[in-house]
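Participant: What shape does this take:
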Amino acid sequence: MADHVFPVEAGHVLAFARAVGDADLAAEIPAQGTVVPATFVAASIQFDPTHMRGMKPAGALSDSNTSGGSVLHAEQHFEYFAPVRVGDLLTVHESDGRRWRKQSRRAGALVFREIVKEYRSSSDELVLRSRMVLVDTEFAVSDEPVSS
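Facilitator: Predicted coordinates:
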């Protein structure tokens, strides 16, 4: 997967702060060097030119390996090595992580897969690593009770 650049811009941080209800950060445009909220880096996907590849109109990922199933977001982890600040220009490298399978009574076979992203500074220092776990379900998950 190709790397992409993620500019940490004050206006984007302000919009994020308002969206998540961070009253202190949302009071005014953050100054250069202000530390951003821990989960702000998820917004880096907006700078990935391949982001819309594989998306359905409803926003659900369509790269499921199963027919008729769903893709669910199961986990998100952030491991910081340095703070992310307004004005940083980070390079994001995405790679596939682990894969594993489990069986579910309601959704059939479940295929878990990790997407690992490394965010590096302009001096190539590792700033943070994120790990997202997605689950491909064999069947669409329903609210129907499971019969034993």
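Participant: going forward, measure contacts and count neighbours with C-alpha atoms only.
Facilitator: Will do.
Participant: and the lowest-mean-pLDDT helix or strand in the chain, which residues are buried?
Facilitator: Least confident helix or strand of the chain, by mean pLDDT, DSSP states H and E, is helix 23-26 with a mean of 86. Across helix 23-26, burial judged by 16 or more other C-alpha atoms under 10 Å covers 25, 26.
Participant: neighbouring strands for whichever helix or strand comes after that helix, and are they parallel or not?
Facilitator: Sequence-wise, the next helix or strand downstream of helix 23-26 (DSSP states H and E) is strand 71-80. Paired neighbours of strand 71-80 in the sheet (DSSP bridges): strand 126-137 (antiparallel).
Participant: distance between the partner strand and the chain's centre?
Facilitator: Relative to its chain's centre, strand 126-137 lies at 7 Å (C-alpha atoms, centre = their mean, to the nearest Å).
Participant: try stretch 4-17
Facilitator: Taking mean C-alpha positions (C-alpha atoms, centre = their mean), stretch 4-17 and its chain are 15 Å apart.
Participant: now the end-to-end length of it.
Facilitator: 23 Å (C-alpha to C-alpha, to the nearest Å).
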